[in-house]
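In: got a predicted structure plus its sequence, pasted below:
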Amino acid sequence: MGNGESIETTRPELRASLPIRLPMPDPTELERRFTKVLASMDLPPDKAKVLKGYDDEKKWDLICDQERVHAKDPPNVYLNKLRTYLDPRASRNHRVRTLYPIVYLDLPGMCIWLLVSRLLMGLLLFCFWVTTQLLVVRVNFNILKRKMLGDATSTQVLRDLEISLRTNHIEWVREFLNDENQGLDVLVDYLSFSQVVMRREQLLNREKSASLDSGLSRSPIRRMRRSNTVGSPRGLKYNTKLNMGEPRDDVHVCIMCLRAIMNHQYGFNLVIAHKHAINCIALSLNHRSLRTKALVLELLAAVCLVSGGHEIILSAFDNFKEVCNERHRFDTLMEYFRNYEEFHIDFMVACMQFVNIVVHSVDNMNFRVHLQHEFTQIGMDDYLERLKNTESDRLAVQVHAYLDNMIDVAQLLEDSETKTDALEKVAELEEELSHMHERLQEVEEEAMAKTVELEKQLSEANEDLQEIRELARIQEHEMNTLRKVVNEKDEESRKRQSLLDAKLQELELIKQNLEDAPDVLPTATQLEKLGPPPAAPPPPPPPPPPPPPPPPPPISSIPPPPRMLGAPPPPPPPPQTEHGTGAMTIKKKVQSKYRLPLLNWTPLKPQQVKGTIFSDLDDEKLMTVIDFHEFEELFRLGPAGPISRDPTVGTPKLLKKLKKPENISLLEPNRLRNVAITRRKIEMTNDEIVRAIIMLDLQRLSLDMVDILLTILPNESEFKAYKEFERNKSNIAVLTDEDKFMLQLCKVERLSQKLQIMSFVGNYHDNIHHLQPQLNALIAASMSIRNSQKVKKMLEIILAFGNYMNSARRGPAYGFKLQSLDMLLDTKSSDKKINLMHFLVHTVQEKFLDIINFEAELRFIEKAALVSLENIMTDVHELEKGMEISKKEYQTRKERDAPIVLRDFLGSSEEKLKKLITDVKTAKDAYHRVVEYFGENPRMVSPTTFFSQFVRFVNAFKQAVIDNERRKKLEFAAVDDVLPPTLQKKKEKRLKTEAAAAEGTKTRTRQIKEKKLLNKDEVYHGALEDILLDLKNEPYRRADAYRRSQRRRVEGLMPSGRSDAC
């Protein structure tokens, strides 16, 4: 069949005769031969990269397979045959008989003239003989050419060439196209020759049909250029003798050969650069076969999608118009598309696809409208109206793609007007949004200030509450002591009363005995036994005094309650017990089941915990609440293992010599230049400047000008020089303008102080508005963290985890530094999939759900993390200093001479500064309390460091929540893989639904995806086939086509294809 190649292993006998496999060479030789094979395959980079990833065995197999493939014939065999068909003299069959002239010379019997005539005749005969021999050689050469062609037709030769171009190595194709063989030129020449023959045959056939029916109008094809060498009986005889095939078949196979050449990068670029190749392909549209026309249109459409190809295609159709005498460009194409003899779906689709690409593949919108209007003029829009309802889905897709890409200029104009209105509305909304943002910031600052005031009130109320509670505790203790004393006195009184009653009964008994025996007197012994008479009982104790009235704070002013008469002083109250003191309980070590990683925190010593948040924490009670068994399984460890010099060196500045001024100057040259430059920035006279400084007038002398003047104030030496100049009564006119200006400034009393006051007054309100939000954020953040019970609980849980992990080896901890919170992210589980933060979130969600939103209690910590307390103190000190200077100036100039600006400023701003100073003290105290509350040193920890630790912890906690949710979804998905059959079917149904939805989204995305033009340098082997396959799979749509189509469908204005643009 002339495959152009033969694989030797395809036949059993050949396979048996070859060795099974050659030994593999060394790696260097293997890599060299593999690189050579890759170069011969001409693969794109991505596919070549895949092959380079093969191991040595696969590489060697690929090398062996490629070396077994050999081309059947070299390129010059096919080219010689084509050149033979193109040479008309190869068909001549002259039978030239060889003549051998015989010349007889009879010199003795001849005269001189006869001798001369015979010599001339002999010379003529010799020349005739030489010419005859040359003709014989030429005829024999042509005979050899015809023998070389054999029985194969030109069509068969072209088919063999197409197969070779398509299947042989890239080297074979390059050899076919090189400068020596010039295969592309030969193939284009033969295609042009076949087209001429084909057109001549078509013209003869139409002339015969016209002679039978003279009423038929002559076809436009008759207007084609005639050929004087083809179509005549002599030409037909030539075709018969060379065994040429049908011209229409040769044209089709030539197009196939060009397609195979264009499928290579080298060949594609050659075809694009050729002068006549694309023109000949375009002229092949005159072929009678619709299949050939479809092939031609597909090739032309693919060329349009390569950078620079669109201009070449339009130039080819310009040539087509000239050759075929068209009235309008694309007339013949439209004629074939509209008036077809039979409906051929591939041709219709290819024609519609080509029109869509040639019109809409350019970026210039004006040019697109021009091409669109060009097809409108030849009836494309009216014809598409009929094709919109075609039954062929493939053709309908192409038609709708063209309509979607179409530009409706009237609609664009309307959209432009609508866009203008929309842009105006957007500008208004943006301005309104800007105002809303400003208002939001104001509201936020007001809310922050209100929050700070409420926090202050809450803090004061809590302090009062603590004082009242402490007072109530003391009073309760005193009341208990008094009740105890009263009870003891009552008991003692009852005992005395009972003793007196017993003595009275005994006396009564003695008295009765005496009355019964009056003469008998008791003896001394009996009297001694009787004892002395009991003393009179003391008076009953007075009732306890009423409770004292509520004392005013402070507690030290409470008077002690009066003691009862005769009662001993009450015992002193028992000493208060505080948590976290030296008397706190000793924590026991926690022994874990497995060896756990250490939490690299910074623990606090017991004496450092006193007065901090950790003194109120009890992590031991959480040991039975938290699931440490799961924690140990996740975090257990395996077997124990080994645990400039300043570059900006100052360089001396070179002083440029200035031209000596005409006037004298008391300033140095550089100083004089700086004063001159600065003075030109202030467009005021010297008197006006001095007057404005004296009156502190910021309306005339703006704040920027004041800042400029502060940079050129006369220094002490200059001040003395000008005073000396004035004291000597020198002529001021000899001074420069700059010196005159400096001299007038030196006359102003307290110049530096007044300029500083003006700068202070001008910047005062900005400084206040800049500092106040920072103070509010610092106060609010400090108090919110200090009073947050959820944060307290969170730290207690972290303390429990840390002691569970560390106490067995490092001993228990009573607290930790806040910087230890960052270590939660570094403590990984055994499988390294989660960290301690993830498990902390899991524990909080399972056991302590009420604190999951603890960050809601931490207000304004992000803003507080940006505050520098040191800078605030410096700024406030500068404000105090500026206020003192302003007051001093006001007192110096007395009330009658003081400027109104200064008086008004002091009257309205002094209270604001006092409030700011109070807020600074409050913020500083609140910050110091919260830092000390968490066991840190406020002198060592700045607000940026302190609050940033909470910000990072909150962000890490939120991210851990997200990570845990994602991990749960993956675990559920893994569990779904082992579901029962019923649930498995439901899962498959759900997955199919989701896949269908995803595919729909993917399809819509693909529909609005614009095909980018392929650069010539990016054309790879097989690029043409990929372009053609892509065009078959989906039509060409621009990025904006889908949006326009959707809008038209919504508006019910699906375009009819008519464009009124031009």
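Out: Cool, got the structure. Residues are numbered from 1 along each chain as shown.
In: helices along the stretch 401-550 of the chain, start to end?
Out: Taking DSSP state H, counting those that start in this stretch, the helices of the stretch 401-550 of the chain run over residues 409-516, 524-530.
In: name the helices or strands packed onto the first one?
Out: Yep, that's helix 409-516 we're talking about. Other elements packing on helix 409-516 under the criterion 3 or more Cβ pairs under 8 Å, 6 or more residues apart in numbering; DSSP states H and E are helix 751-787, helix 900-933. In short, each C-beta sits where N, CA and C put it, glycine included.
In: and it with helix 900-933, angle?
Out: The directions of helix 409-516 and helix 900-933 differ by 60 degrees, with axes from the mean of the first three to the mean of the last three Cα atoms, to 10 degrees as the criterion.
In: quick one on the thing from earlier: any idea which of the helices of the stretch 401-550 of the chain scores lowest on pLDDT?
Out: Here the helices of the stretch 401-550 of the chain differ in mean pLDDT, and the lowest is helix 524-530 at a mean of 47.
In: domain assignment for this structure?
Out: Described in terms of automatic domain parsing, the domain architecture of the chain consists of the residue ranges 19-67, 411-519, 979-1008.
In: how about the helices and strands packed on helix 409-516 in CSV, adding mean pLDDT and distance to K969?
Out: Below are the helices and strands packed on helix 409-516 laid out as CSV (pLDDT from 0 to 100; distance: least, Cβ to Cβ, whole Å):
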stretch, mean pLDDT, distance to K969
helix 751-787, 87, 34
helix 900-933, 87, 39
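In: of the ones you listed, which is nearest I962?
Out: With distances scored as Cβ to Cβ, the stretch of the helices and strands packed on helix 409-516 nearest to I962 is helix 751-787 (24.0 Å).
In: next SSE after that closest one?
Out: With elements assigned by DSSP states H and E, the helix or strand that comes after helix 751-787 is helix 789-810.
In: quick one on the thing from earlier: distance to H629 added to the domains of the chain, as TSV?
Out: Formatted as TSV, those follow (distance: least, Cβ to Cβ, whole Å):
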stretch	distance to H629
domain 19-67	48
domain 411-519	41
domain 979-1008	29
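In: of all the ones you listed, which one comes closest to P943?
Out: domain 411-519 (15.1 Å).
In: and the closest one, how far out from the chain's middle?
Out: Mean C-alpha position of domain 411-519 versus that of the full chain (Cα atoms, centre = their mean, to the nearest Å) differs by 54 Å.
In: most packed of the helices of the stretch 401-550 of the chain?
Out: Of all these, helix 409-516 has the most neighbours on average by mean count of other Cβ atoms under 10 Å, namely a mean of 12.
In: if we can go back for a sec, of the domains of the chain, which is nearest V369?
Out: Once Cβ to Cβ is applied to those, the stretch that comes out nearest is domain 411-519, at 9.4 Å.
In: where does the chain have its least confident helix or strand?
Out: Taking mean pLDDT, DSSP states H and E as the measure, the helix or strand of the chain with the lowest value is strand 5-7, at a mean of 36.
In: circling back to that earlier point, how about the domains of the chain, which one is nearest R595?
Out: Evaluated over these, closeness to R595 peaks at domain 979-1008, with 38.0 Å, by Cβ to Cβ.
In: low-confidence ranges, the stretch 601-750 of the chain, go.
Out: Judged by pLDDT under 70, the stretch 601-750 of the chain has its weakly predicted residues at 638-662.
In: in it, which spans are helices?
Out: For the stretch 601-750 of the chain, helices defined by DSSP H, counting those that start in this stretch occupy the ranges 606-609, 628-635, 669-680, 686-694, 703-710, 716-727, 737-746.
In: mean neighbour count and distance to F317 added to the ones you listed, as a markdown table?
Out: Compiled in a markdown table, those are given as follows (neighbours: other Cβ atoms under 10 Å; distance: least, Cβ to Cβ, whole Å):
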| stretch | mean neighbour count | distance to F317 |
| --- | --- | --- |
| helix 606-609 | 17 | 91 |
| helix 628-635 | 17 | 73 |
| helix 669-680 | 15 | 69 |
| helix 686-694 | 17 | 79 |
| helix 703-710 | 16 | 68 |
| helix 716-727 | 14 | 86 |
| helix 737-746 | 20 | 78 |
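In: any chance of the ones you listed in JSON lines, plus distance to D501?
Out: JSON lines is the format used below for the helices of the stretch 601-750 of the chain (distance: least, Cβ to Cβ, whole Å):
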{"stretch": "helix 606-609", "distance to D501": "60"}
{"stretch": "helix 628-635", "distance to D501": "69"}
{"stretch": "helix 669-680", "distance to D501": "111"}
{"stretch": "helix 686-694", "distance to D501": "104"}
{"stretch": "helix 703-710", "distance to D501": "99"}
{"stretch": "helix 716-727", "distance to D501": "105"}
{"stretch": "helix 737-746", "distance to D501": "109"}
